[in-house]
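> missing the sequence, but the structure's below:
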């Protein structure tokens, strides 16, 4: 008889899998009573011919395994008949146990298997875990369906409400406030707004299965497509579902298209979505990369290894992304990251506060004149970019970080409070512009005196550029105001008349918050990532739409972050003769 392996955290003794492409499946026993203890067999099968099974998609939610499930030996090849104690008890998290109890009503005793990551993978065996996580996308793809369980608190009672909404029969709800409120609180919000399922990293690839279904409390299932339709029916004319929910929908529709359903288009991730996807919840920070291997082919190139340090995983994932699209560098963690990464590495596990102008690409930019990307890595992890200096941050004229309230605003925040926050941000920008102008006007050195006349025009030019070269709406009145200030027909030198509060308010607060205003040594106005310091260089690099601030470190440079700068955004400082470009070593 094979010596039993040690007991794991869930109380179960796992035997080694039979091969590199072997997986385990749960074969639930049926029950005549709903509250009967869970009982099953756990069998090995090969992914090449696994038989019929469903994959469960749910959230662990930080719960500890505490509820028992009896595991019978069945036809497990690892256990011989003379084992004096053939059955074992495996502990499940409450959320997993709840899902299996409901699934037992549907498939218990039918011979259809269930794949559940927490049960079917020996989480204590790093070698096995690495291999199984590497197969995760294939495991879900091979499943007959993926059963989405939102949790007992959030799952719908039955399929009727979702089906009713998905067919568009409740559009009158939007016109009858009491009923609309009732539906939102009692029927819609739990499985859409409140369920933590949509905020997790692993669920992104799981719910993208073309056969994904939502499990209801009565054991009924409904196509995940109907869930998306129901939410959009409710939201029509009110609001847009959140990014996390829409992301699941887009991936699902792409999977359906790939499966031959011509109603849907294949959805490709935009270059700006990566930070938002990767920042989704995960118990292990490395899962920000590993959980998205089927979503991003670049992440799929990173070997699954839970023994590797987090910084190493994140740096390799960043490198793979940079080789595909350099603009991921706008999310670089900088030189002060705590993971031991190069400054160009992205901290995929960082809690995102403010999303800057660089995150979603709403601002147009041709700082490098539309030139093609030119970058390379050496064996020591150094990144080499090709570009040119377009400005140096003035030693005296860099603001404090402009306040950001993005993490404090929700759907319940009162309008007057939002306006107060906006006023703080706009006030900080205006005050700094006035203070800098006054300080420059009092300067005795000729070089600083020359800045005085140029500051107002530079501020207005950049604000006008951002207001006109973007994807958000700017009113006709605002455009006319900016144009009049650009022309400055009366020749005024009064900074408060030229750069009025109305001028500063031409842009949404999202353009300013969480950044630092600055002047270059030439007197050009700009703002940049909060890490900016006096003396930093502003560069245009081939392949990047926005300028990038860098800081000298020995003979190399470190990434500070993206910037916007007057006179640079449209490529006017990009040399016509590319022999003037230099290669920059980024560490």
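Arrived safely, thanks for sending. On a predicted model such as this, the values are computed, not experimentally measured, just so you know. Residues are numbered from 1 along each chain as shown.

> doesn't residue 50 make contact with residue 112?
No: here residue 112 does not reach residue 50: they are 11.2 Å apart, not a contact under CB atoms under 8 Å. In short, each C-beta sits where N, CA and C put it, glycine included.

> pLDDT below threshold where in the stretch 1-150 of the chain?
1-9, 75-85 (pLDDT under 70).

> how about the helices in it?
Along the stretch 1-150 of the chain, counting by DSSP state H, counting those that start in this stretch, helices occupy 94-107, 117-120, 126-134, 136-142.

> Please apply the same query to the stretch 301-450 of the chain.
For the stretch 301-450 of the chain, the helices defined by DSSP H, counting those that start in this stretch occupy 310-324, 357-360, 415-442, 446-468.

> okay if I get those as JSON lines plus mean neighbour count, distance to residue 203 and mean pLDDT?
Output for the helices of the stretch 301-450 of the chain, formatted as JSON lines (neighbours: other CB atoms under 10 Å; distance: least, CB to CB, whole Å; pLDDT from 0 to 100):
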{"stretch": "helix 310-324", "mean neighbour count": "21", "distance to residue 203": "19", "mean pLDDT": "94"}
{"stretch": "helix 357-360", "mean neighbour count": "20", "distance to residue 203": "22", "mean pLDDT": "68"}
{"stretch": "helix 415-442", "mean neighbour count": "16", "distance to residue 203": "31", "mean pLDDT": "88"}
{"stretch": "helix 446-468", "mean neighbour count": "19", "distance to residue 203": "36", "mean pLDDT": "81"}
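
> so which of those helices gets nearest residue 60?
helix 310-324 (19.0 Å; CB to CB).

> Other residues contacting that closest one?
Here helix 310-324 makes contact (CB atoms under 8 Å, 6 or more residues apart in numbering) with 274, 285-286, 288-290, 296, 298-299, 301-302, 305, 328-329, 332, 337, 339-342, 344-349, 375, 377, 381, 383.

> residues contacting residue 11?
Residue 11 neighbours (CB under 8 Å, 6+ apart): 65, 88-91.

> taking those residues as a set, which two sit the farthest apart in space?
Maximum pairwise distance in the contacts of residue 11, criterion CB to CB, is 13.3 Å, between 65 and 88.

> between those two, who's got more neighbours?
The residue with more neighbours, out of residue 65 and residue 88, is residue 65; 22 against 19, by other CB atoms under 10 Å.

> Which parts of the stretch 151-300 of the chain are strands?
212-215, 221-223 (DSSP state E, counting those that start in this stretch).

> Single out the most deeply packed of those.
The highest average neighbour count among the strands of the stretch 151-300 of the chain, using mean count of other CB atoms under 10 Å, belongs to strand 212-215 at a mean of 24.

> Pull up the pairing partners for that strand, direction included.
Strand 212-215 has its sheet partners listed here by DSSP bridges as strand 145-148 (parallel), strand 221-223 (antiparallel).

> Report the buried residues of the first one.
Of the residues in strand 145-148, those buried under the neighbour-count criterion (16 or more other CB atoms under 10 Å) are 145-148.

> what residues does stretch 464-475 touch?
Contacts of stretch 464-475 (CB under 8 Å, 6+ apart): 357, 362-365, 478-479, 482-483, 485-486, 506-508, 511, 564, 566, 569-570.

> Identify those among the residues you listed that sit within strands.
residue 564 (DSSP state E).

> Of the contacts of stretch 464-475, just the buried ones, ChimeraX syntax please.
Buried residues among the contacts of stretch 464-475 (16+ other CB under 10 Å), as a ChimeraX selection:
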select :357,362,363,365,478,482,485,506,507,508,511,564,566,569
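
> show me what contacts residue 159?
Here residue 159 is in contact with 216, 220-222, 226 (criterion: CB under 8 Å, 6+ apart).

> mind running it again at 6 Å?
Residue 159 makes contact with 216, 220, 222, according to CB atoms under 6 Å, 6 or more residues apart in numbering.

> Pop out the phi and psi values for it.
Dihedral angles of residue 159 (phi, psi; degrees, to the nearest 10) stand at phi -90, psi -10.

> hang on, the earlier thing: minimum distance to residue 494: which of the strands paired with strand 212-215 has it?
Going by CB to CB, the one of the strands paired with strand 212-215 nearest residue 494 is strand 145-148, 61.6 Å.

> Residue 550: helix or strand, and which one exactly?
strand 548-553 (DSSP states H and E).

> Can you list the strands that that strand pairs with?
Sheet pairing for strand 548-553, assigned by DSSP bridges, gives strand 537-541 (antiparallel), strand 556-565 (antiparallel).

> for that strand, which positions count as buried?
In strand 548-553, counting by 16+ other CB under 10 Å, buried: 548-551.

> same deal with stretch 291-309?
Applying 16+ other CB under 10 Å to stretch 291-309 flags 291-296, 298-300, 302, 304-305 as buried.

> farthest-separated two in the residues you listed?
Based on CB to CB, the longest span within these runs between 295 and 305 and measures 19.1 Å.

> re the thing from before, closest to residue 578 out of the strands of the stretch 151-300 of the chain?
strand 212-215 (49.5 Å).

> Identify the residues contacting the closest one?
145-149, 221-224, 227.

> Same list (these) but as TSV, adding distance to residue 122.
Converted to TSV, these look like this (distance: CB to CB, whole Å):
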residue	distance to residue 122
145	25
146	22
147	22
148	25
149	22
221	29
222	33
223	33
224	30
227	33
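
> contacting residues for the closest residue to residue 61 other than its chain neighbours?
Spatial nearest neighbour of residue 61, chain neighbours left out: residue 95 (5.6 Å); criterion: CB to CB, 6 or more residues apart in numbering. Residue 95 makes contact with 58, 61, 151 under the criterion CB under 6 Å, 6+ apart.

> Check the gap between the second one and residue 198 for me.
When CB to CB, to the nearest Å is the yardstick, residue 61 and residue 198 sit 13 Å from each other.

> Between the two, tell me which one has more neighbours.
More crowded of residue 61 and residue 198, by other CB under 10 Å: residue 198, with 26 against 15.

> Please tell me I have it right and the more buried one contacts residue 242.
No: Residue 198 lies out of contact with residue 242 (CB atoms under 6 Å); the separation is 7.5 Å.

> May I see the strands of the stretch 151-300 of the chain arranged in a markdown table, with distance to residue 575 as well?
Listed next are the strands of the stretch 151-300 of the chain as a markdown table, based on distance: least, CB to CB, whole Å:
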| stretch | distance to residue 575 |
| --- | --- |
| strand 212-215 | 52 |
| strand 221-223 | 56 |
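
> Can you add mean pLDDT and distance to residue 194 and give these back as CSV?
Below are the strands of the stretch 151-300 of the chain laid out as CSV (pLDDT from 0 to 100; distance: least, CB to CB, whole Å):
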stretch, mean pLDDT, distance to residue 194
strand 212-215, 94, 15
strand 221-223, 94, 19
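
> Please identify which of the ones you listed is closest to residue 461.
Smallest distance to residue 461 across the strands of the stretch 151-300 of the chain (CB to CB): 50.3 Å, for strand 212-215.
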